[in-house]
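A.B. asks: pasted the sequence and its predicted model underneath.
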Amino acid sequence: MQLFRIKFVVAAFLVVAIFLGGSYDSMSAPEAVSPESNLPPAEHAEHGLPQAAVEIARPFGFPITNSMVVTWAVAIALIVFAQLATRHMTRIPKGAQNFWEWLVESLSNFLEGVIGRHLVQRTFWFFASVFIFILFCNWAGLIPGFGTVGWHVEYSNGKSGFIPWFRGGNADLNMTLAMALVFFVCWIFWALRETGPMGVVKELFAPKGDTTGFLKALMVVVFLAAGLLEVISILFRPVSLSFRLYGNIYAGENMLETMARIVPGFGWLLPIPFYFMELLVGIVQALVFMLLTAVFTLLICQHDETSHAPAHAAPAGAVPGHA
């Protein structure tokens, strides 16, 4: 069941990213003369990684960008690996099963210490999918050939450009925004399921603490204003999540390309130390995205955690600190 949910989350990411990419492409119709395909405009012929993913093909009118190819490849590879690792489960795991169980168990234990066992049982399938998918998308963008293997094209204005076949999945804003929007939908569902509509309203606008008289009326006004600010903050969370991940990965890939061009003849040597740094950045950014989404979920559901943990409460009549 967990594996099916992970597949569903990855598929949801891809569908939303394709929809966003298609919408962006329809708003900016390209005009390029190339015998191979419908290629992007001449402003992408600049040195360095372009900010937007580049269209490399359009079969049956469906635009395919170089970041979509990488995203599909990573998703398929993860699904196939998970399927093979769990096909013949043994009591004493080894090989691929051992690695997969270690990864899933480590993430589960880590998240349990952050958001609690109850929320982990209900949301782990999403947060694990997010971390694993983002991590391997980030690392896939570091494979030699990404951004350097492609074709040269001539544009209608006489300029020439280079079109790479591959681009890191998270270096495309469509992909990161798709993941943020999928989380936003899940966040709304979890909040309504855990606290109900009135619980969400109380969590956002209800005054906290025991006050009376004028102070209580003042607190109502203060928490109403704070609730309105919180609503604005919630609406901007998909934007901040998507731009944070996109900006870090795009900057890293741009830096690697710059290091490869800065000294002619040593393009193979200078980027090597930065590759190790980008391996670490890939882990950190996957962890940051997962932790932020997990904490956002905890903030709206945390008051429900106490009601799901009666076993940890002291028995009635017991004295704290005594057995």
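C.D. replies: Perfect, I can see it now.

A.B. asks: packing partners for the lengthiest helix in the chain?
C.D. replies: Longest among the helix segments of the chain by residue count, using DSSP state H, is helix 213-262. Using 3 or more CB pairs under 8 Å, 6 or more residues apart in numbering; DSSP states H and E, the elements in contact with helix 213-262 are helix 173-205, helix 271-305. For the C-beta atoms, the positions are set from N, CA and C on the backbone; glycine is no exception.

A.B. asks: lowest-confidence stretch among these?
C.D. replies: Of all those, mean pLDDT reaches its minimum on helix 271-305 (a mean of 89).

A.B. asks: which stretch of helix or strand covers the nearest residue to residue 140 once chain neighbours are set aside?
C.D. replies: Nearest residue to residue 140, sequence neighbours excluded (CB to CB, 6 or more residues apart in numbering): residue 74, at 5.2 Å. Element membership for residue 74, per DSSP states H and E: helix 66-85.

A.B. asks: buried residues, that helix. List them.
C.D. replies: Residues of helix 66-85 classed as buried: 66-71, 74-75, 78, 82, 85 (neighbour count, 16 or more other CB atoms under 10 Å).

A.B. asks: can you check stretch 257-270 too?
C.D. replies: When neighbours are counted by 16+ other CB under 10 Å, the buried residues of stretch 257-270 are found to be 257, 259-260.

A.B. asks: just the terminal-to-terminal distance for stretch 147-167.
C.D. replies: Looking at stretch 147-167, the gap from its leading to its trailing residue is 6 Å under the measure CA to CA, to the nearest Å.

A.B. asks: pLDDT on it, on average?
C.D. replies: Per-residue confidence for stretch 147-167 averages out to 80 on the pLDDT scale.

A.B. asks: quick one: buried residues of that stretch?
C.D. replies: Using 16+ other CB under 10 Å as the burial criterion, the residues of stretch 147-167 that qualify are 147, 150, 153-155, 161, 163-167.

A.B. asks: in TSV: those, plus secondary structure and distance to residue 197.
C.D. replies: Converted to TSV, the buried residues of stretch 147-167 look like this (DSSP: H, G, I helix; E, B strand; the rest coil; distance: CB to CB, whole Å):
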residue	secondary structure	distance to residue 197
147	coil	47
150	strand	51
153	strand	54
154	strand	58
155	coil	54
161	strand	52
163	strand	50
164	strand	48
165	coil	48
166	coil	45
167	coil	42
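
A.B. asks: tell me the first helix or strand C-terminal of the helix or strand of the chain with the lowest mean pLDDT.
C.D. replies: Least confident element among the helices and strands of the chain, by mean pLDDT, DSSP states H and E: helix 2-27 (a mean of 56). For helix 2-27, the succeeding helix or strand toward the C-terminus, using DSSP H and E, is strand 55-57.

A.B. asks: packing partners of that next one?
C.D. replies: Against strand 55-57 (3+ CB pairs under 8 Å, 6+ apart) you get strand 64-65.

A.B. asks: ok, the strand it packs on: who's next to it in the sheet?
C.D. replies: strand 55-57 (antiparallel) (DSSP bridges).

A.B. asks: so, low pLDDT: which residues of the stretch 1-150 of the chain?
C.D. replies: Regions of the stretch 1-150 of the chain meeting the criterion pLDDT under 70 cover residues 1-48.

A.B. asks: 80 - rerun?
C.D. replies: Counting by pLDDT under 80, the stretch 1-150 of the chain contains low-confidence residues at 1-49, 147-148.

A.B. asks: where's the residue nearest to residue 186 when sequence neighbours are not counted, which helix or strand?
C.D. replies: Beyond its immediate neighbours in the sequence, the residue positioned closest to residue 186 (CB to CB, 6+ apart) is residue 126, lying 5.7 Å away. Residue 126 is part of helix 117-140, with elements assigned from DSSP H and E.

A.B. asks: and stretch 82-93, how far out from the chain middle?
C.D. replies: Offset of stretch 82-93 from its chain centre (CA atoms, centre = their mean, to the nearest Å): 27 Å.

A.B. asks: before we move on, what about stretch 232-245?
C.D. replies: Averaged over its C-alpha atoms, stretch 232-245 has a centre that lies 11 Å from its chain's centre (CA atoms, centre = their mean).

A.B. asks: tell me which residues of it come out buried.
C.D. replies: By neighbour count on 16+ other CB under 10 Å, the buried set for stretch 232-245 is 234, 237-238, 241-242, 244-245.

A.B. asks: again, but for stretch 294-305
C.D. replies: Within stretch 294-305, the residues scored as buried using 16+ other CB under 10 Å are 294, 296-298, 300-302, 304.

A.B. asks: just the CA atoms of that stretch, as CSV, please.
C.D. replies: Only the C-alpha atoms of stretch 294-305 are listed here, as CSV (Å, rounded to 0.1, in the frame of the first residue of the first chain):
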residue,chain,number,x,y,z
ALA,A,294,6.3,18.2,7.5
VAL,A,295,6.5,21.2,9.9
PHE,A,296,3.7,23.1,8.0
THR,A,297,1.6,20.0,8.4
LEU,A,298,2.4,19.7,12.1
LEU,A,299,1.6,23.3,12.8
ILE,A,300,-2.0,22.9,11.7
CYS,A,301,-2.4,19.4,13.3
GLN,A,302,-0.2,19.6,16.4
HIS,A,303,-3.0,20.2,18.9
ASP,A,304,-4.5,16.9,17.7
GLU,A,305,-1.3,15.0,18.6
